[in-house]
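Participant: predicted model and sequence below, questions to follow.
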Amino acid sequence: MKLKTLCIPVLFSLLYICTIFPQNAGDTMFTGIKVHTFNIKFSEPAYWDSLTAYYDAGLEQYLMATVYYDGVKYDSVGVRLKGNSSYTHPNNKKSMKLAFDQYKSDQRIESLKSVNLNNCWGDPTFMREKLHLDFCRNAGIPAPRANFANVYINDTLFAFYSLVESIDKIFLKARYGTNKGDYFKAIDGYDTTSIVSDFRWWGTDTNAYKSYYELKSDGSATAWPRLVTLLDSLNFGVNPLTSYGKVMNLSTFYRAFAVDNLFANLDSYMCSGRNFYFFQDATTSKWNWIIWDASLSIGAYQGGISTLETLDVNYIADTTTRPLLTRLFASDTLKKQYLYTYDTLLTKYFVPATINAHIDSIANTIRSYVNADPRKMYTLLQFETNITSDISATGGLGTRKPGLKSFISKRKTNVTSQLSNLGINITAVENESTKNMTFKLLQNYPNPFNPSTKIAYNLAAESHVKISIYDVKGQKITDLVNDIQAAGTHTIIFNAANLPSGIYYYRITAGASSQTRGMILLK
């Protein structure tokens, strides 16, 4: 039966019965709080010598192993050691990367090509990375996801790890709806005096930047010239208000900088000049900021600051060597946009009661694994104490380890006061016409349609909004919206000129809320 001969009531019944949506890659691995098991089996007797030799030589060279993930066997997986400061873990507990496709190009685990096993160096609680990245996930901030892994080597328990998603084309497609475009990773400078990814201008020769940034795009001939163009605009644009907006997706920058500051994650661009990616979306030509490696969040990296609970919301370690933030803050308009974004995160998501409950849930899940870890850096008593209170301990580029819960409480109070003193208060400037509005996704009009239709939706508060289109099989076609939007009624046009007739779904996620509706394309 052709679609046009189906009666409309039957079609609409199908729309609400067939609510099949695909899981994104790694959803099962990273949803909720879970401890997965990896048993890494090497056939080479001197495997550890080979792994450390490759690392010491500066080679990202893999060693082949068989990996059992939650009991399922995967042959020919690449394993290598990783990390910088974390490599100095006193108990020989090295961070690792597992590349499932290294020797079998089509091999995946839960549709992922690789994952990272981070050793929680400098974190007595094992939780800082997951707390930071879960916060990003809840607030719609582009960042990898995290969970936990109990790792065995050749059937013997080796250590307990933080399990973190890789940033690659799979990640980009899931977050931005496209992986077309160049992307870079900040180099792993050890401290603020090393060569770091600082966004300073070093001339027009692209070779001058190859020790400052790591290109991750495969075979791109355009990446380095485009990077130079970006740096030229950021450093020499006469008016940052216009030059920044032309080349950057400012919402991703604001949110990433704000959450790093809010969690006093100084091992980031604002201080250490590392631990981020940036991606130029080929469909918009704008650069997006992606958070990476939050393992020393919540003050585990002190950066020369003794009381991180009172870190200035506009903090920059050095205004000369961090021009990206310096010029942004020099614009009153850009700075105010950043501070309003900051206040949104503080008000809507940085809620001590909610975060503390999440801390308790994580602690209850991982406590026995932490206790059993034969290579943990700190004692179980230090683990328990640091959940609530400060401790003094070496490692993590600082001796003071702020208590998770005490930090969250003090930081909330201090930042609220700072923003109030700056005249930033999102609740005070809410539009009266939207104050009582409820979140709602409206039916598209016209429906059925050919080839375009209007989709309207109401937002009760400023939120990160994502609207995605799916076909009847649950395969995502595109993202229509992926950005922070103000409270109120919004409308967007969906053009399906390149799609065949059929039933489609549109799904909106705004903060913690989501709704789905169906629509019919008739050609």
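Facilitator: Done, it's in.
Participant: only C-alpha atoms from now on, for both contacts and neighbour counts.
Facilitator: Noted.
Participant: which residue ranges of the stretch 201-350 of the chain form helices?
Facilitator: For the stretch 201-350 of the chain, the helices defined by DSSP state H, counting those that start in this stretch occupy 223-236, 240-247, 250-262, 323-330, 332-348.
Participant: the stretch 351-500 of the chain now?
Facilitator: 352-372, 380-388, 404-421.
Participant: can you lay out these as a markdown table showing distance to Y183, mean neighbour count and mean pLDDT?
Facilitator: Output for these, formatted as a markdown table (distance: least, CA to CA, whole Å; neighbours: other CA atoms under 10 Å; pLDDT from 0 to 100):
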| stretch | distance to Y183 | mean neighbour count | mean pLDDT |
| --- | --- | --- | --- |
| helix 352-372 | 32 | 16 | 97 |
| helix 380-388 | 36 | 18 | 98 |
| helix 404-421 | 33 | 18 | 97 |
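Participant: was I right about F494 contacting I455?
Facilitator: Yes: between F494 and I455 a contact is recorded at 7.2 Å, counting by CA atoms under 8 Å.
Participant: check which helix or strand the residue nearest to T52 when sequence neighbours are not counted maps to.
Facilitator: The spatially closest residue to T52, leaving aside those adjacent along the chain, is L81, at 7.1 Å (CA to CA, 6 or more residues apart in numbering). Under the criterion of DSSP states H and E, L81 resides in strand 72-82.
Participant: now L215: how far from A330?
Facilitator: 29 Å (CA to CA, to the nearest Å).
Participant: the two: who's more crowded?
Facilitator: Between L215 and A330, L215 has the larger neighbour count (other CA atoms under 10 Å), namely 18 against 12.
Participant: identify the bridge partners of the residue nearest to the more buried one when sequence neighbours are not counted.
Facilitator: Nearest non-adjacent residue to L215, counting by CA to CA, 6+ apart: F184, 4.5 Å away. F184 has these beta-bridge partners by DSSP bridges: L215, F278.
Participant: show the contacting residues for F184.
Facilitator: By CA atoms under 8 Å, 6 or more residues apart in numbering, F184 lies in contact with Y213, E214, L215, K216, S217, Y277, F278, F279.
Participant: is it true that the last one touches N288?
Facilitator: Yes: the pair F279 / N288 is scored as a contact, 5.1 Å apart, by CA under 8 Å.
Participant: more neighbours, these two?
Facilitator: F279 (24 against 21).
Participant: restrict stretch 491-506 to CA atoms and write it as PDB.
Facilitator: Taking C-alpha atoms only, stretch 491-506 is exported to PDB below (Å, rounded to 0.1, in the frame of the first residue of the first chain):
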ATOM      1  CA  THR A 491       9.800  28.400  15.700                       C
ATOM      2  CA  ILE A 492      12.000  26.600  13.300                       C
ATOM      3  CA  ILE A 493      11.400  25.500   9.700                       C
ATOM      4  CA  PHE A 494      12.200  21.900   8.700                       C
ATOM      5  CA  ASN A 495      12.800  21.400   5.000                       C
ATOM      6  CA  ALA A 496      12.600  17.800   3.800                       C
ATOM      7  CA  ALA A 497      13.100  18.400   0.100                       C
ATOM      8  CA  ASN A 498      15.900  15.700   0.000                       C
ATOM      9  CA  LEU A 499      13.900  13.100   1.900                       C
ATOM     10  CA  PRO A 500      11.400  10.500   0.500                       C
ATOM     11  CA  SER A 501       7.700  10.400   1.600                       C
ATOM     12  CA  GLY A 502       7.100   8.800   4.900                       C
ATOM     13  CA  ILE A 503       6.600   9.100   8.600                       C
ATOM     14  CA  TYR A 504       9.200  11.100  10.600                       C
ATOM     15  CA  TYR A 505       9.600  12.100  14.200                       C
ATOM     16  CA  TYR A 506      10.900  15.300  15.800                       C
END
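Participant: okay, G502 and N447: tell me how far apart.
Facilitator: For G502 relative to N447 (CA to CA), the value is 12 Å.
Participant: coming back round to it: tell me which residues in the strand holding L81 are buried?
Facilitator: For strand 72-82, a neighbour-count test (16 or more other CA atoms under 10 Å) marks Y74, S76, V77, G78, V79, R80, L81, K82 as buried.
Participant: can you tell me what sits against that strand?
Facilitator: 51-52, 55, 60-68, 94-104.
Participant: which ones among those residues are found in helices?
Facilitator: Taking DSSP state H, the ones among the contacts of strand 72-82 that sit in helices are L51, T52, Y55.
Participant: so what's the residue positioned nearest the centre of the chain up against?
Facilitator: For the chain, the residue lying nearest the average C-alpha position, counting by CA atoms, centre = their mean, turns out to be A143 (0.4 Å). The contact partners of A143, taken as CA under 8 Å, 6+ apart, are L133, C136, R137, I290, I291, W292.
Participant: looking at F494 and I455, which one has more neighbours?
Facilitator: For F494 versus I455, neighbours defined as other CA under 10 Å are more numerous around I455 (18 against 15).
Participant: any idea what the more buried one is bridged to?
Facilitator: Counting by DSSP bridges, I455 is bridged to I492.
Participant: alright, I will stop here.
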